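> Test case, fold it:
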Amino acid sequence: MKPNWLPFVFADIIVLSIASPARALDFVWDGGDVINFNWSDDTNWNPDAVPSAGSRLIFPSGVTGVNLGAINDFPTGTAFSGLRFTGGGYTLSGNAINLGADGIVADVGGSSNDTVNLTPALTIDQTWTATGAGNLLTVQGNIDLGVRKLVTTGAGWIVLGGTTSGSVRPEIDVRAGVGGGLEVLPTGVLGHPFTTGVTSGALILNGTMAAGSLQVRSGAILGGTGTARAVTCTGGTLAPGATRSALGFGLLSTGNLSLDAASTLKARISKPASQTLLATLAVTGTVALGGATLDLNLATPPDGIFTLIANDGIDPVSGSFA
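Next up, the predicted model:
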């Protein structure tokens with residue numbers, strides 16, 4: 001009798017190993033070339049190799065003098081994953097870069113002041129961080145947000161001296177720790193056409209807001225003496241004239257202004273002898289006070305009329321302070 005063969009079907013089991021994306025290579029600056037400090041010089045880096053596109057560039061402590069001036073001589077638009085400062089006193093200059101997921105970080109023990117004098121273009125949503133309370137990270141170049149979102153964080157300060165730009169829905173969101181935030185210098189322009197939000201910490205606006213709108217959220221602060229566009233405050237604090245370190249005296253200009261009952265206007269007024277009209281806010285547009293709290297401090301009591309909010313006299317003012 002013939003054996004009864006049963007058909008067997010053997011299936012190959014294929015195991016796929018899905019690797020996570022490779023971490024960007026790190027190149028650590030040591031400024032080893034005593035003649036030039038170009039990024040393309042391999043002797044300026046540890047290891048002694050020219051950084052590859054997509055790598056993260058680290059600027060450590062222990063570097064001194066002229067070696068702190070690192071010059072990007074790579075072609076304009078070369079992509080790097082990020083810039084990280086673990087030492088203070090650096091000034092980066094040279095050609096514009098495309099900036100990846102690691103963003104820009106200043107993480108220096110104690111006080112530090114690092115400056116980026118080149119133009120970054122964001123290729124992905126990212127976070128820039130001034131980690132410690134004494135860390136100051138200044139970006140003097142223009143910032144091309146493209147269609148990306150930039151979040152600023154940390155207990156220190158990030159300072160912008162150039163112009164932000166973008167298309168479609170670019171956004172900046174300040175999410176700093178207590179005592180930290182984002183400052184826009186008088187030379188700075190918020191030119192991206194969507195929202196700038198202050199979720200935590202402070203935005204000190206001493207420059208100009210040329211596009212978009214500004215949202216000050218619960219517990220956050222808007223200060224400075226610059227010019228904003230429409231401002232909506234939902235539980236936040238407006239502190240005209242405030243600096244990075246203290247409440248101050250000064251005039252902050254806005255477009256339409258909307259406060260709610262959980263918001264506060266901290267008005268600090270002094271009267272130089274030459275002035276007869278004092279104000280803390282100059283609004284071109286509508287004003288909705290919404291039952292907000294008024295925290296008024298007359299450092300030098302005026303001997304005449306003073307103005308808390310100088311409205312343009314054309315648009316309506318609604319509501320009152322609590």
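> going forward, measure contacts and count neighbours with C-alpha atoms only.
OK.
> Roughly how far does residue 168 sit from residue 160?
Separation of residue 168 from residue 160 (Cα to Cα, to the nearest Å) stands at 22 Å.
> Those two - which one has more neighbours?
Under the criterion of other Cα atoms under 10 Å, the comparison of residue 168 against residue 160 puts residue 160 first, with 26 against 11.
> so what's the more buried one bridging to?
residue 139, residue 184 (DSSP bridges).
> So, low pLDDT: which residues of this protein?
Applying pLDDT under 70 to the chain flags the ranges 1-23, 271-279, 299-305.
> For it, give the strand that spans the most residues.
strand 97-106 (DSSP state E).
> Give me the contact list for that one.
54, 56, 76-86, 114, 118-131, 135-137 (Cα atoms under 8 Å, 6 or more residues apart in numbering).
> Need the buried ones from the residues you listed selected in PyMOL.
To isolate the buried members of the contacts of strand 97-106 in PyMOL, using 16 or more other Cα atoms under 10 Å:
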select buried, resi 54+56+78+79+80+81+82+83+84+85+86+114+118+119+120+121+122+123+124+125+126+127+128+129+130+131+135+136+137
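> Of the contacts of strand 97-106, which belong to strands?
Short answer: the contacts of strand 97-106 in strands (DSSP E) are 56, 78-85, 114, 120-122, 126-130, 135-137.
> need the contact list for the nearest residue to residue 262 once chain neighbours are set aside.
Closest residue in space to residue 262, ignoring its immediate chain neighbours: residue 235 at 4.3 Å, by Cα to Cα, 6 or more residues apart in numbering. Residues near residue 235 by Cα under 8 Å, 6+ apart: 216, 217, 218, 219, 220, 260, 261, 262, 263, 264.
> how about TSV for those, with neighbour count, secondary structure and distance to residue 208 added?
Formatted as TSV, the contacts of residue 235 follow (neighbours: other Cα atoms under 10 Å; DSSP: H, G, I helix; E, B strand; the rest coil; distance: Cα to Cα, whole Å):
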residue	neighbour count	secondary structure	distance to residue 208
216	26	strand	16
217	21	coil	20
218	16	coil	23
219	18	coil	23
220	27	coil	19
260	19	coil	24
261	16	coil	27
262	18	coil	26
263	27	coil	23
264	25	strand	23
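> Max pairwise distance over those residues: which two?
Spatial extent of the contacts of residue 235 (Cα to Cα) is set by the pair 220 and 261 at 14.8 Å.
> Pretty sure residue 270 sits against residue 298.
Yes - between residue 270 and residue 298 there is a contact at 6.1 Å, judged by Cα atoms under 8 Å.
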